[in-house]
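Mind folding the following:
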Amino acid sequence: MRHRTVGSSANQILFMTWLLYGTYYIGRFNFSPVIPLLRAELEISNAQAGGLMAVFFLAYTIFQLPAGYLSDRFGPRKVLSVGALVSIFGNLIFSQGSSYTTLSIAQLINGMGQAAGWTSAVKLVVSWFPKSRRGTAIGLFATCVTAGSSLGIRLSGFMGDHLGWRSSFIIPPLMMAGVALTFWILVRDNPSEKGLSDFEDEVGLEQQFKNDTRSRLAVVLSNRTMWVVALVYFFFVYVQFGCFVWIPTFLKESYAMSVDRASTVSSLILLPGLVAAPLSGFLSDRIFQGRRKPLILWGMAILSCSTFLLSFRMDIVIVTLLLSVVGLTIIAPDVLLAAYPSDLLSRKLSGTAMGFLTTFTSTAGIIATPLSGKIADLFQTYEAVFFSFGIVAFSGTVLTFFINEKKTEKGKVSVTRYVS
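Sure thing, here's the model as predicted:
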């Protein structure tokens, strides 16, 4: 009975974290489907529209390391909840904006809140699952990225077309508010806060860092493999965020779709990620015995090929199929790369280490969105944007070869045995 309590509590935490972080994405990618509507009303270019997302990622980048440190220091539950409140505030300001300056300020606030999400969420998940199931748990959790992005894009496109673009920044934050309140009531940071025993499958690794006189950040920065992972993550997220932002506009402008239809197609092509995320985590845990690198290589290589092929003008059916492949491969490597902080540095340092990684990924967002818009303006075609994505993904594929995976002792879970 005790065993089942551990498993069911962990599953509840996983679900609530999945639900809250999914609404984070609903409040983040509600922007991309309404870019054409914003461009028309504000009379701005693609590069300027991309600049609004760059402002978001600027704040997102600045607050990554602080968010990671705070999640290690005060617990991910508090950081995730406060981040949701700040993101809600930013979205509501955006909904009332009438100038480029006001919208930029709103994006800065939203970026500050959203910075608390991924780092704290992953730390919460790894705190509730043993190392032997870490990849699978993160994989299941990461399906919220696909679900939240897909739902956010679909809702925003529908509301933008039928109710005006401002509605796309009112309803999502209201959804987030309800979920955040439920999350705060039900979730705790680790098993001990619910009267259960914490996992002790990383005792040796944790003791090593406990005896280290350096700061958490210094320990993270001294790990060479973390730097390589960070660079791979940079190239991967450049393509990921670029696709999330520009695919709806690509479909509308290149294939004369309405905003509503383009958002529908965009939301559907992301759905393969619902399978890719948990499957990649499970395979890395069970088939590859905790090794993430082989699957990352395959994912990055396929992403490079599929985005490169999208640089050619083709029939919409073929384009949709290729975009579905993209939808799969812009999710799977994310799961595997996110497992490295706790794999290499233990769950005790996972917040700070993930904050370090996401500083690189959010920097990619700062660069990707306006640069892709500039490329679209310069070449007057979105096919050129996908060509650039292919080059970036290929660079990430090459860098993946330099990730030095080392085997860590799996250990045993003491006192209680995890049963789901």
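
So what does Phe312 have for phi and psi?
Backbone torsions for Phe312, taken as degrees, to the nearest 10, come to phi -100, psi 140.

How many neighbouring residues does it have?
Residues near Phe312, counting by other CB atoms under 10 Å, number 12. For the C-beta atoms, the positions are set from N, CA and C on the backbone; glycine is no exception.

and it, what does it touch?
Contacts for Phe312 (CB atoms under 8 Å, 6 or more residues apart in numbering) come out as Glu383.

Let's see that with 10 Å instead.
The contact partners of Phe312, taken as CB atoms under 10 Å, 6 or more residues apart in numbering, are Ile318, Val319, Leu322, Glu383, Phe386, Phe387.

How about Tyr24?
So Tyr24 contacts 80, 83-84, 87, 113-114, 116-118, 121, 144-145, 148, 152, 172, 176, 179-180 (CB under 10 Å, 6+ apart).

secondary structure element for it?
Element membership for Tyr24 (DSSP states H and E) is helix 2-26.

ditto for Leu303
Per DSSP H and E: Leu303 is located in helix 293-309.

Now do the very next helix or strand once past that helix and helix 293-309, the angle between them.
Sequence-wise, the next helix or strand downstream of helix 293-309 (DSSP H and E) is helix 316-329. Comparing the axes of helix 316-329 and helix 293-309 via axes from the mean of the first three to the mean of the last three CA atoms, to 10 degrees yields an angle of 150 degrees.

Dump helix 316-329 to PDB, restricted to CA.
Taking C-alpha atoms only, helix 316-329 is exported to PDB below (Å, rounded to 0.1, in the frame of the first residue of the first chain):
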ATOM      1  CA  ILE A 316       0.600  21.600 -49.900                       C
ATOM      2  CA  VAL A 317       0.100  17.900 -49.200                       C
ATOM      3  CA  ILE A 318       3.800  17.200 -49.300                       C
ATOM      4  CA  VAL A 319       4.500  20.400 -47.300                       C
ATOM      5  CA  THR A 320       2.000  19.200 -44.600                       C
ATOM      6  CA  LEU A 321       3.700  15.800 -44.400                       C
ATOM      7  CA  LEU A 322       7.100  17.400 -44.000                       C
ATOM      8  CA  LEU A 323       5.800  19.800 -41.400                       C
ATOM      9  CA  SER A 324       4.400  16.800 -39.500                       C
ATOM     10  CA  VAL A 325       8.000  15.300 -39.400                       C
ATOM     11  CA  VAL A 326       9.200  18.700 -38.200                       C
ATOM     12  CA  GLY A 327       6.500  18.600 -35.500                       C
ATOM     13  CA  LEU A 328       7.900  15.300 -34.300                       C
ATOM     14  CA  THR A 329      11.600  16.200 -34.300                       C
END
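
picking that back up, now intersect the contacts of Tyr24 with the helices, please.
Secondary structure defined by DSSP state H assigns 80, 83-84, 87, 113-114, 117-118, 121, 144-145, 148, 152, 172, 176, 179-180 of these to helices.

in this structure, which helix or strand is least confident?
helix 203-210 (a mean of 53; mean pLDDT, DSSP states H and E).

out of the contacts of Phe312, who has the most neighbours?
When neighbours are taken as other CB under 10 Å, the top entry among the contacts of Phe312 is Phe386 (28 neighbours).

contacting residues around the nearest residue in space to that one that is not next to it in sequence?
In space, and not counting its chain neighbours, Phe386 is closest to Leu310: 3.9 Å by CB to CB, 6 or more residues apart in numbering. If a contact means CB under 10 Å, 6+ apart, then Leu310 has 243, 247, 250, 318-319, 322-323, 325-326, 382-383, 385-387, 389-390 as its contacts.

What of Val34?
Contacts of Val34 (CB under 10 Å, 6+ apart): 40-41, 49, 153, 156-157, 159-161, 164-169, 248-249, 259, 263.

before we move on, what about Ile170?
Asn30, Asn91, Leu92, Phe94, Ser95, Gln96, Met159, Leu163.

And Gly365, by the same measure?
So Gly365 contacts 53-54, 56-58, 60-61, 111, 234, 237-238, 240-242, 244-245, 358 (CB under 10 Å, 6+ apart).

That'll do, ta.
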